[in-house]
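Trainee: model the following, please.
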Amino acid sequence: MWREIVELSRPKNVVLAAITVPLGAHLALGDAWTLQALGLVALQTTSAICFMAAGNTFNDISDSSIDKVSKPHRPIPSERISIKSATKVAYTFSLLSALFMLAGVPYTEDPYPLVAIWTLAAVLMYTYDAGPQTKKLGLIGNVSISLMVGAVIVFGAASVSMAETELVIFAAVVAFFANLAREIIKDCEDMETDEGRNTLPMRIGLMNARAVAYVFILASMITLGLAHLYGPFEYHQIVFHGPAIFILFSLNGPLFRGEDYKAQQSIRVGMLLGLMAFAVQVSIL
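Mentor: Coordinates of the predicted model:
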């Protein structure tokens, strides 16, 4: 049972939450960390991990019929865990996320942004798989997921009452655009098995959708440049983002050849390298 729960939570995505919440706090605090800040960030990192695990589990429940064809090895279609049990797991993770978030509220100087971000993300998560089911609306669903990815960084800064820090906003926008491109490419990869959805590749074709994804990749790199042109860094420090820029800029080849899996995995790596480069620059300022 525990193995199935871990698999439903998708550890790779959970690790991303475990990294980005402290990253958001670090971009805001710089070297001004305190024991209280460490405790608050630990609470909200745990909240984000549970939140992401809940969202991934709800997604697997929603996609169970599709996954019988495209991903029969997943816990639900392989019948290693029932939909009823998976639903209990998802709601348990949701409750834990809310409790960990609320546990930090009394000790947070300005808790309103923290609560607002969590609430907005909860609405986006719920409406993705239930209610209007934005996941079936193609680009709207892609935007919802990407907003949540960017919000995790701001959530980290909000945990230490510094959600409006300029650098944090730049980093969140970079993550938003990069993840939006990745979501579109994943839709290209899954187009043949995405029954009941109206994804961007279905509407405009694979090559056009890949071209749109590349535009969003370029938008993420432009945001990196703006962070150095108008943000707190010197422009020459953009060299720290060299590896991320190289990976993202070179994706036009794999996309043109239709290598969607390679492209979306490379975006994940490029996004992480880009965000870590922000953290390194903050540390040496």
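Trainee: tell me how far whichever helix or strand residue 219 is part of lies from the chain's centre.
Mentor: Residue 219 is part of helix 206-229 when elements are defined by DSSP states H and E. Distance of helix 206-229 from the chain centroid (Cα atoms, centre = their mean, to the nearest Å) equals 16 Å.
Trainee: for stretch 45-54, same thing?
Mentor: That offset, for stretch 45-54, works out to 12 Å (Cα atoms, centre = their mean).
Trainee: cool, and stretch 138-152?
Mentor: 8 Å.
Trainee: repeat for stretch 222-230
Mentor: Mean-position distance between stretch 222-230 and its chain equals 21 Å (Cα atoms, centre = their mean).
Trainee: per-residue confidence averaged over that stretch?
Mentor: For stretch 222-230, mean pLDDT rounds to 84.
Trainee: just the angle for the helix or strand just after the helix holding residue 219 relative to helix 206-229, thanks.
Mentor: Using DSSP H and E, the helix or strand that directly follows helix 206-229 along the chain is helix 242-249. Put simply, helix 242-249 runs at 160 degrees to helix 206-229, going by axes from the mean of the first three to the mean of the last three Cα atoms, to 10 degrees.
Trainee: may I see the buried residues of the following helix or strand past helix 242-249?
Mentor: Later in the chain than helix 242-249, the nearest helix or strand by DSSP H and E is helix 252-256. Buried residues in helix 252-256, counted by 16 or more other Cβ atoms under 10 Å: 254, 255. Bear in mind the C-beta positions are built from the backbone N, C-alpha and C, glycine included.
Trainee: how far is helix 252-256 from where the chain is centred?
Mentor: Taking Cα atoms, centre = their mean, the mean C-alpha location of helix 252-256 is offset from the chain mean by 23 Å.
Trainee: what packs against the helix holding residue 219?
Mentor: In terms of contacts (3 or more Cβ pairs under 8 Å, 6 or more residues apart in numbering; DSSP states H and E), helix 206-229 is packed against helix 166-189, helix 200-204, helix 242-249, helix 252-256, helix 260-284.
Trainee: what would that helix look like as PDB? C-alpha coordinates only.
Mentor: What follows is helix 206-229, C-alpha atoms only, in PDB (Å, rounded to 0.1, in the frame of the first residue of the first chain):
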ATOM      1  CA  LEU A 206       1.400  19.000 -33.500                       C
ATOM      2  CA  MET A 207       3.900  21.200 -35.300                       C
ATOM      3  CA  ASN A 208       2.000  24.400 -34.600                       C
ATOM      4  CA  ALA A 209       1.600  23.400 -30.900                       C
ATOM      5  CA  ARG A 210       5.300  22.700 -30.600                       C
ATOM      6  CA  ALA A 211       6.000  26.200 -32.200                       C
ATOM      7  CA  VAL A 212       3.800  27.800 -29.500                       C
ATOM      8  CA  ALA A 213       5.600  25.900 -26.800                       C
ATOM      9  CA  TYR A 214       8.900  27.200 -28.100                       C
ATOM     10  CA  VAL A 215       7.600  30.700 -28.000                       C
ATOM     11  CA  PHE A 216       6.900  30.200 -24.300                       C
ATOM     12  CA  ILE A 217      10.400  28.800 -23.800                       C
ATOM     13  CA  LEU A 218      11.700  32.000 -25.400                       C
ATOM     14  CA  ALA A 219       9.500  34.000 -23.000                       C
ATOM     15  CA  SER A 220      11.100  32.300 -20.000                       C
ATOM     16  CA  MET A 221      14.500  33.200 -21.300                       C
ATOM     17  CA  ILE A 222      13.500  36.800 -22.000                       C
ATOM     18  CA  THR A 223      12.300  37.000 -18.400                       C
ATOM     19  CA  LEU A 224      15.700  35.700 -17.200                       C
ATOM     20  CA  GLY A 225      17.300  38.600 -19.200                       C
ATOM     21  CA  LEU A 226      14.900  41.100 -17.700                       C
ATOM     22  CA  ALA A 227      15.700  39.900 -14.200                       C
ATOM     23  CA  HIS A 228      19.300  41.000 -14.900                       C
ATOM     24  CA  LEU A 229      18.500  44.100 -16.900                       C
END
